[in-house]
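Q: okay, predicted coordinates and the sequence, questions at the end:
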Amino acid sequence: MRLIKLAEVMKQTALGRSSIYKYMKEGLFPKPVTQIGKSVAWVEGEVQEWILDKIKQRDDAELQIAG
């Protein structure tokens with residue numbers, strides 16, 4: 001298990017900081033874990049699962065259109 005900082009989350013998802021925090025507030029994005037002090041990081045596997053879910057949603061929508 002690996003923890004990643006916001007810059008890496010942004011790189012992996014192509015989302016900006018404000019979008020990430022907005023989606024978290026809406027319950028649509030994984031929440032970070034608090035490290036020492038105010039520092040936070042995300043579980044990389046959870047971020048990757050979120051990305052895979054977005055790909056699945058896209059593929060499912062394409063199947064419905066074609067179907």
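A: Yep, it's here.
Q: count the neighbours of Gln48 for me.
A: By other C-beta atoms under 10 Å, 14 other residues sit near Gln48. Every residue, glycine included, has its C-beta placed from N, CA and C.
Q: that one: what secondary structure?
A: helix (DSSP: H, G, I helix; E, B strand; the rest coil).
Q: was I right to think it contacts Gln12?
A: Yes - counting by C-beta atoms under 8 Å, Gln48 touches Gln12, with 7.4 Å between them.
Q: what's the helix or strand encompassing Leu63 in contact with?
A: Using DSSP states H and E, Leu63 maps to helix 44-66. In this structure, residues lying in contact with helix 44-66 by C-beta atoms under 8 Å, 6 or more residues apart in numbering are 1-4, 8-9, 12-13, 29-30.
Q: I'd like the residues you listed written out as TSV, with secondary structure, distance to Tyr23 and pLDDT added.
A: Formatted as TSV, the contacts of helix 44-66 follow (DSSP: H, G, I helix; E, B strand; the rest coil; distance: C-beta to C-beta, whole Å; pLDDT from 0 to 100):
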residue	secondary structure	distance to Tyr23	pLDDT
Met1	coil	22	91
Arg2	coil	21	96
Leu3	strand	19	97
Ile4	strand	16	98
Glu8	helix	16	98
Val9	helix	11	98
Gln12	helix	14	98
Thr13	helix	9	98
Phe29	coil	4	98
Pro30	coil	9	98
